[in-house]
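Visitor: sharing a model prediction with you, sequence too.
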Amino acid sequence: MTAPLLSVRDLSVTFGPVRVLEGLSFDLAQGEVLGVVGESGSGKSMTALAIMGLLPRGGRVVAGRAVLEGQEVTALPERDLQRLRGARMAMIFQEPMTSLNPVLTVGEQVAEVLRQHRGMNRRAAHAEAVKLLRLVEIPAAERRVDDYPHQLSGGQRQRAMIAIALACRPRLLIADEPTTALDATVQAGILDLLRGLQREFGMAVLLITHDLGVVADFADRVLVMYAGRVAETGPAAALFAHPQHPYTRALLAAIPRLTGPIAGLPSIPGVVPSPMDFPAGCRFAPRCPHAHLECTLAPPPLVPLPDGVAAACILHLERAS
Amino acid sequence: MSALPVLLLVSLMSFAIVWIVPGDVASEMAGPTATAEELAQLRDRLGLNKPWPDQLLGWYSALAVGDLGQSILLRQGVGAAILERLPVTLSLTFLALAIALVLGTALGVLAAVRAGQGADRLAMGAALIGFSLPDFWLGLVLMYVLAVQLAWLPTGGFVPFSQDPLGWLRFMVLPAGTLALSQMGLFARMTRAAMLEVLCQDYVRTARAKGMPGWVVIGKHAFRNALIPVVTVAGIASGVLLGGAVVIEQVFSLPGVGRLIIGAIQRRDYPVIQGGLLLTATIFVLVNLAVDLLYAWLDPRIRHGRG
Amino acid sequence: MAVAKRVPGTWSRLLAHPSFRLGLVLFALVALCGLLAAWLAPYDPLRNNFRARLVAPGEAHWLGTDRFGRDILSRTLYGAQVSLRIGLAVAGVTALVGGAVGALAGFARRLDGPLMRFMDALMAFPAVLLAIALAAALGPSEVNAILALSIAYVPRTARVMRAGVMVVREFPFVEGAQAIGASSTRVLLRHVLPNALAPLVVQQTYVFALAVLAEAVLSFLGVGPPPPTPTLGGIISEGRDYIQEAPWISIVPGIGIALTVLGLNLMGDGLRDALDPRLRDAVR
């Protein structure tokens, strides 16, 4: 097996005294799609921002590292990171309404990446921007290129964001809830586009979402996060067929199904604890139907299981030993 | 602000200033040595012996043809007297506005980028002191230091730009800089607040995620958005500067509208006072209309008719 | 009611605010100087002493003398008293008149248009120029200066009050009061005004500062309180012709103005932060 494109090892992030991410490890191979799932507050977005070097003010990587193509991005100075961002690794965000600059044309926002990273002149960058907008299937791209973001629909704006992200053919695309803010019909279109482009360019995608349907649809492997830690990870098919962690099971059970009788929307009782008062031991224990005293003592390690799955649950630790 | 009713009220108020003069306007204007005949003549020229509706009608019908009346002392039309001096006042005001905008926004951006640090406190302290100093006094002090003591600049006077651009700048830089100071402080505070808000926006994060260098993120993506609220304030600032120019012209002996009005006030030349008031207010209203246009140009969401 | 509950918290927040504290100290210093001018002044501010003309700051005259040998420190102390008196009066008059106009405009929708057009028209004149013209037309006197400055600065106060009333008007408890049949006047006086007062207090602190600055301009141009009353602007103006031989004449009163205005502005910033958390987040 060749070296992974992205390798994250024991990554921990703090905000002041609060540790929002703890000991996160995973690998992402060339051209692979990894779905990162979890409720809000599980640390998914912080993972992405830490890799990009875009942690908000006050956020800091205190331990561990992320290595992209042999470069330790979590240790690079800002100037070197700028050369990677938008070129080798790119990111699209949840809110297409606010993620584009309202006072610059869409074309300008695409073109400036090309000028910055590919050294194109103004004219060539503009022409390439039109091509990119066409690539993301924005109709009448040659006219849309001079429009301002508010003149585009939500779906078109997200397409424009994708065009910006893909302008320099990055090896890694981080998509943070790319369809959450969109209508269901528009969602499907954006996902189809992302999947098509991912295959065409052979890039790796870190797909962050709370929507397991999207993950099942798109991801090769899955990383389930809970309260800043990994709960379970493994190939998508295996994980969805036989979820091993009680949290994964609860998540799957909470998906409303279109088949079968409608019995009200099931949901996981309780909420993700705030990072201020994460419980000692297993952080899911307060909401876990199988929790017992031992769960509250120490955090369970990630236990390797058959089919490439690994789960951080004391149930499997007992079975393994 | 809807311009037309405001302009109507402004012209009414400009005229009405003679009505609040206690006692007899004519005898106050003519002075204690005037004869009865001279007084009657003056009253006749000012239309003071007519009932007030006729006075108003006269004012408006003259305004309709662009006539602001006759100066009593200058033996000249008020309109002509003002127009002659307007370039000085306008260039002083706009130079001050330019200085205030450029330095103020720069200071505000610096403060926002270094929010909470020493540079921020220093910049905001400077801004606060800037609009707490009396500008005419500061003008005197600077004149004393830079012109009298160091002899770097002339103590006062004026050369038209068309005759000697460099000389013009030498005469203008001190008055304009002094005048700019207070508004520079306000611009700095406004810019800082706007930048702090803009820097938290998603599109700024997008720009960083694209790998744009810090100065592009701040100077292009954030600043252009932060400028929008600042420009709105620039309209109001232009009015304040126009008022301040009146006093600064006095301090630096600049032959502008301000000195004309102050001279008219000291010599009770009411037609000039009325015309001067009306004209400055009209300029202010027009500048604010221009600002609305500029605002639309800066914010494409307004340009395309969506809020 | 909401105000009463907020008061202790507001005071402790204010006193903990560094710029409010600094402003309070500065302003209190100037105010004490002005109030106690009669006791603090080493000389009669009006008495000429031709044997001590244009004396430089030194032992006899700490801050020097002017061309008539009058003591600059004493004149500045008395001048500060005049400035503070006028500034306070203008802040008070504009608070009453502007507060009333703004409350009416904000509450009585039919009066809103005409009242605010009138205020817009007043605001179209540069405030300083309008005050100069009015003061000149009315004739130089302290009362007329107060009147002229109040007219020039009233629109700002009216606008702030109106905005405050319009915000509060939409609060549920006001609608509730109207729903149970409280009369409009009662609702206005009992509920809306107390809650719209916070922005008014902040604004009037700034108006006080602006009035002190503008009064100095009036006196500088000779349309403020007439001589022999010592005014800060007047002293600066008298010193103009002697700026080479006796720069202290003009410099000293200017520092007095600057300290007063700086103190007021600092207090205004502190009040804004303490009274209106929304503004604090937006502006700081």
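Guide: That came through fine.

Visitor: can you list the low-confidence ranges for the stretch 1-150 of chain B?
Guide: B:1 (pLDDT under 70).

Visitor: could you pull out the helices for it?
Guide: B:3-16, B:25-30, B:36-46, B:52-64, B:78-113, B:118-130, B:135-142 (DSSP state H, counting those that start in this stretch).

Visitor: tell me if the third one is near chain C.
Guide: The reference is to helix B:36-46. No. Helix B:36-46 is not in contact with chain C by Cβ under 8 Å from any Cβ of the partner chain; minimum separation 14.1 Å. Bear in mind the C-beta positions are built from the backbone N, C-alpha and C, glycine included.

Visitor: just give me the residue closest to the centre of chain B.
Guide: In chain B, the residue lying closest to the centroid (Cα atoms, centre = their mean) is B:L242, at 1.9 Å.

Visitor: now whichever helix or strand it is part of against helix B:78-113, angle please.
Guide: Taking DSSP states H and E as the criterion, B:L242 maps to helix B:223-252. With axes from the mean of the first three to the mean of the last three Cα atoms, to 10 degrees defining the directions, helix B:223-252 sits at 130 degrees from helix B:78-113.

Visitor: residues of the helix or strand following helix B:223-252 that come out buried?
Guide: The element immediately downstream of helix B:223-252 (helix or strand, assigned by DSSP H and E) is helix B:257-266. Across helix B:257-266, burial judged by 16 or more other Cβ atoms under 10 Å in any protein chain shown covers B:V257, B:G258, B:R259, B:L260, B:I261, B:I262, B:A264, B:I265.

Visitor: hang on, the fifth one packs against B:V246?
Guide: Yes. At 6.1 Å, B:I261 counts as touching B:V246 under the criterion of Cβ atoms under 8 Å.

Visitor: residues shared between the contacts of those two?
Guide: Counting by Cβ atoms under 8 Å, 6 or more residues apart in numbering or on different chains, the residues touching both B:I261 and B:V246 are C:L129, C:I132.

Visitor: need the helices of the stretch 1-150 of chain B in a markdown table (columns: mean neighbour count).
Guide: Listed next are the helices of the stretch 1-150 of chain B as a markdown table, based on neighbours: other Cβ atoms under 10 Å in any protein chain shown:
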| stretch | mean neighbour count |
| --- | --- |
| helix B:3-16 | 18 |
| helix B:25-30 | 18 |
| helix B:36-46 | 14 |
| helix B:52-64 | 14 |
| helix B:78-113 | 21 |
| helix B:118-130 | 17 |
| helix B:135-142 | 24 |
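
Visitor: can you put the ones you listed in CSV and add distance to C:S183?
Guide: CSV is the format used below for these (distance: least, Cβ to Cβ, whole Å):
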stretch, distance to C:S183
helix B:3-16, 32
helix B:25-30, 47
helix B:36-46, 50
helix B:52-64, 40
helix B:78-113, 47
helix B:118-130, 44
helix B:135-142, 48
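
Visitor: out of these, nearest to B:T155?
Guide: helix B:135-142 (10.3 Å; Cβ to Cβ).

Visitor: the very next helix or strand once past the closest one near chain A anywhere?
Guide: Scanning forward in sequence from helix B:135-142 by DSSP H and E, the next helix or strand is helix B:165-199. No. Using Cβ under 8 Å from any Cβ, helix B:165-199 stays clear of chain A, with a minimum separation of 9.3 Å.

Visitor: now the angle between helix B:135-142 and helix B:165-199, please.
Guide: Interaxial angle, helix B:165-199 versus helix B:135-142 (the same axes, to 10 degrees): 120 degrees.

Visitor: what residues sit buried inside helix B:165-199?
Guide: B:168, B:171-172, B:174-199.

Visitor: check stretch B:202-221 too.
Guide: Buried residues in stretch B:202-221 (16+ other Cβ under 10 Å): B:202-212, B:216-218, B:220-221.

Visitor: and what of stretch C:34-46?
Guide: Buried residues in stretch C:34-46 (16+ other Cβ under 10 Å): C:G34, C:A37, C:A41, C:Y43, C:P45.

Visitor: quick one, what contacts B:R224?
Guide: So B:R224 contacts A:N101, A:V103, A:L104, B:L298 (Cβ under 8 Å, 6+ apart).

Visitor: with C:F68 instead?
Guide: C:F68 neighbours (Cβ under 8 Å, 6+ apart): C:N48, C:N49, C:F50, C:R53.

Visitor: how about A:T233?
Guide: Counted by Cβ under 8 Å, 6+ apart, A:T233 has contacts A:F26, A:R221, A:V222, A:L223, A:V224, A:L239, A:L302, A:V309, A:A310.

Visitor: and the gap between it and chain C?
Guide: Distance check for A:T233 against chain C: by Cβ to the nearest Cβ, to the nearest Å, it reads 40 Å.

Visitor: element containing that residue?
Guide: A:T233 belongs to strand A:229-235, assigned by DSSP H and E.

Visitor: got the CA coordinates for that strand in PDB?
Guide: Extracted C-alpha coordinates of strand A:229-235, given in PDB (Å, rounded to 0.1, in the frame of the first residue of the first chain):
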ATOM      1  CA  ARG A 229     -13.300  11.700  19.800                       C
ATOM      2  CA  VAL A 230     -13.600   8.900  17.200                       C
ATOM      3  CA  ALA A 231     -16.400   6.600  18.100                       C
ATOM      4  CA  GLU A 232     -16.200   4.200  15.200                       C
ATOM      5  CA  THR A 233     -14.500   3.900  11.800                       C
ATOM      6  CA  GLY A 234     -14.500   1.500   8.900                       C
ATOM      7  CA  PRO A 235     -15.600   0.800   5.300                       C
END
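
Visitor: same question for it, mean pLDDT?
Guide: Mean per-residue pLDDT for strand A:229-235: 93.

Visitor: and that strand, which strands flank it?
Guide: strand A:221-226 (antiparallel), strand A:310-311 (antiparallel) (DSSP bridges).

Visitor: which SS class is whichever residue of chain B sits closest to chain A?
Guide: Per Cβ to the nearest Cβ, B:G211 is where chain B lies closest to chain A, at 3.4 Å. For B:G211, the assignment made with DSSP: H, G, I helix; E, B strand; the rest coil gives coil.

Visitor: follow-up on the earlier one: please give me every residue in contact with the residue nearest to the centre of chain B.
Guide: B:T89, B:T93, B:T280, B:I283, B:F284, C:P126, C:L129.

Visitor: and what about the fourth one, helix, strand or coil?
Guide: Following three-state DSSP, we place B:I283 in the helix state.

Visitor: would you mind measuring from it to B:V10?
Guide: Per Cβ to Cβ, to the nearest Å, B:I283 is found 11 Å from B:V10.

Visitor: then C:V154?
Guide: Taking Cβ to Cβ, one finds C:V154 at 16 Å from B:V10.

Visitor: how deep is B:P300 tucked in, by neighbour count?
Guide: B:P300 has 18 neighbouring residues, counting by other Cβ atoms under 10 Å in any protein chain shown.

Visitor: distance check, the residue of the stretch 201-307 of chain B found nearest chain C against B:L153.
Guide: Nearest to chain C, among the residues of the stretch 201-307 of chain B, is B:G243, at 2.5 Å (Cβ to the nearest Cβ). Going from B:G243 to B:L153 by Cβ to Cβ gives 24 Å.

Visitor: more neighbours, those two?
Guide: Taking neighbours as other Cβ under 10 Å, B:G243 and B:L153 compare with B:G243 leading, 25 against 17.

Visitor: check contacts around the residue lying closest to that one once chain neighbours are set aside.
Guide: Among residues not flanking B:G243 along the chain, C:P126 sits closest, at 2.5 Å (Cβ to Cβ, 6 or more residues apart in numbering or on different chains). Contacts for C:P126 (Cβ under 8 Å, 6+ apart) come out as B:G239, B:V240, B:L242, B:G243, B:G244, B:V246, B:T280, B:F284.
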